[in-house]
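Engineer: Please work out how this folds:
(one chain, ligands or ions: 1)
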Amino acid sequence: MVNDIEVKDVDVWLGGRQVLQDLTFSVPHGEFLGVIGPNGAGKTTFMRLLLGLIQPQAGTVTVLGETRRKKIASLLGYVPQARHFDPETPISVREFVSFGLPKSFRPWLSRKEKKAVDEVIQKVGAEVFADQPIGRLSGGERQRLFLAQALLGNPRCLLLDEPTSNLDPGAQERLTALVDQLRKERDMTVVFISHDINLMARYADRILYLTHGHYAYGRVEEVLTAEVLTRLYGTPMKVSYASGEIMISMADEDEKAPPICVHYPS
Ligand SMILES: Nc1ncnc2c1ncn2[C@@H]1O[C@H](COP(=O)(O)OP(=O)(O)OP(=O)(O)O)[C@@H](O)[C@H]1O
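Structural biologist: Here you go, the predicted structure:
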């Protein structure tokens, strides 16, 4: 089995604090990796490592067999957190998506480039609003554009940093299902950061669960256990199920403590 991502003995310090400690695991080609954990746990830092934007103080990160940033960047697609556009932004969906094309000195698009843009717009189901200004789209529609942009480079590995934040539960589910479908169709490896454990439990092959300085990596059923979470949080934790959804709470204060991860019915 080929591993698309190999992380070995990685330490990262930022601002005098150790954010990632002794991280070691591999992600097999074509899998969906869900990255979860509390605020400030190091999820985006991990993604920045994969993108080659920061270097570890110790250890190695190999993505698609490459350790050199320039080589890696051309093989990756990146979808950022949901963001707003000014409603008056005078850029159409089609123009916005075309910004994902490799840089060209020509101010116009070739026929081949136009075809590629149309194809990815259609792939993400955005053809109905392709000629609208981007400022008038809903959050879920906007995220599809970032996804289309990322697909233009035909990435072998797609990295998504909380792409579903600020989306309603239905839009979260639809976007994640679309990413999973594209992963299968295009034979990509996916790394998806999310705060929604249940969403990740439904789609991820494996989970990287980061807490401040600690981590667990493995299949959903291996990671989301009371034993593993107790070790990660350093306090007794409980994993329970209600209507098929996973709830994680502190074991001592079950009745009073709110769940750490809120679930949404699909
Ligand atoms: N450039 C930097 N310099 C100093 N500290 C940093 C820098 N970037 C991130 N950090 C710190 O590293 C820690 C991890 O940040 P990171 O953004 O990776 O967390 P996260 O898990 O993605 O959080 P969130 O869920 O809130 O997005 C945080 O404490 C953050 O303040």
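Engineer: Could you use CA atoms for every contact and neighbour count after this?
Structural biologist: Fine.
Engineer: where does the protein have low pLDDT?
Structural biologist: 104-106, 253-266 (pLDDT under 70).
Engineer: quick one, helices of it?
Structural biologist: Per DSSP state H, the chain carries helices over the ranges 43-50, 69-73, 93-98, 111-123, 139-151, 169-186, 197-203, 220-223, 226-233.
Engineer: So which bits of the fourth one are buried?
Structural biologist: Right, the one you point to is helix 111-123. Using 16 or more other CA atoms under 10 Å as the test for burial, helix 111-123 gives 116-121, 123.
Engineer: re the thing from before, make CSV out of the helices of the chain and add distance to Val27.
Structural biologist: Below are the helices of the chain laid out as CSV (distance: least, CA to CA, whole Å):
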stretch, distance to Val27
helix 43-50, 12
helix 69-73, 16
helix 93-98, 29
helix 111-123, 26
helix 139-151, 20
helix 169-186, 14
helix 197-203, 15
helix 220-223, 14
helix 226-233, 20
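Engineer: what's the most buried one of those?
Structural biologist: helix 139-151 (a mean of 23; mean count of other CA atoms under 10 Å).
Engineer: Now do that helix against helix 111-123, angle only.
Structural biologist: 140 degrees (axes from the mean of the first three to the mean of the last three CA atoms, to 10 degrees).
Engineer: just checking, what packs against helix 139-151?
Structural biologist: strand 76-79, helix 93-98, helix 111-123, helix 169-186 (3 or more CA pairs under 8 Å, 6 or more residues apart in numbering; DSSP states H and E).
Engineer: how about CSV for the ones you listed, with distance to the ligand added?
Structural biologist: Formatted as CSV, those follow (distance: least, CA to the nearest ligand atom, whole Å):
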stretch, distance to the ligand
strand 76-79, 14
helix 93-98, 25
helix 111-123, 28
helix 169-186, 17
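Engineer: Which one of the residues in the stretch 51-200 of the chain is closest to the ligand?
Structural biologist: Nearest residue of the stretch 51-200 of the chain to the ligand (CA to the nearest ligand atom) works out as His195 at 7.2 Å.
Engineer: how far away is the nearest residue to that residue once chain neighbours are set aside from Tyr209?
Structural biologist: Nearest non-adjacent residue to His195, counting by CA to CA, 6 or more residues apart in numbering: Ile36, 5.8 Å away. In this view, Ile36 and Tyr209 are 5 Å apart by CA to CA, to the nearest Å.
Engineer: Show the backbone phi and psi for the residue of the stretch 51-200 of the chain closest to the ligand.
Structural biologist: The phi/psi pair for His195 (degrees, to the nearest 10) reads phi -90, psi 0.
Engineer: these two touch, right, it and Ala41?
Structural biologist: No - using CA atoms under 8 Å, His195 is not in contact with Ala41, being 11.3 Å away.
Engineer: residues from the stretch 101-250 of the chain in reach of the ligand?
Structural biologist: Selection of the stretch 101-250 of the chain residues close to the ligand by CA under 6 Å from any ligand atom yields an empty set.
Engineer: Outside of stretch 143-158 itself, list whatever touches it.
Structural biologist: 4, 74-80, 82, 93, 96-102, 116-117, 120-121, 123-126, 163-164, 175, 187-191 (CA atoms under 8 Å, 6 or more residues apart in numbering).
Engineer: Could you check how far that stretch is from the centre of its chain?
Structural biologist: Counting by CA atoms, centre = their mean, to the nearest Å, stretch 143-158 is centred 12 Å from the centre of its parent chain.
Engineer: Just the terminal-to-terminal distance for it.
Structural biologist: 14 Å.
Engineer: residues contacting Pro107?
Structural biologist: Pro107 neighbours (CA under 8 Å, 6+ apart): none.
Engineer: Quick check, central residue of the chain?
Structural biologist: Phe192 (2.2 Å; CA atoms, centre = their mean).
Engineer: In the sheet, which residues pair with it? Tell me.
Structural biologist: Gly34, Leu160 (DSSP bridges).
Engineer: and it, how far is that from Leu23?
Structural biologist: Taking CA to CA, one finds Phe192 at 18 Å from Leu23.
Engineer: Distance of the closest residue to Ala116 other than its chain neighbours relative to Val2?
Structural biologist: In space, and not counting its chain neighbours, Ala116 is closest to Leu152: 6.9 Å by CA to CA, 6+ apart. Distance of Leu152 to Val2, given as CA to CA: 24 Å.
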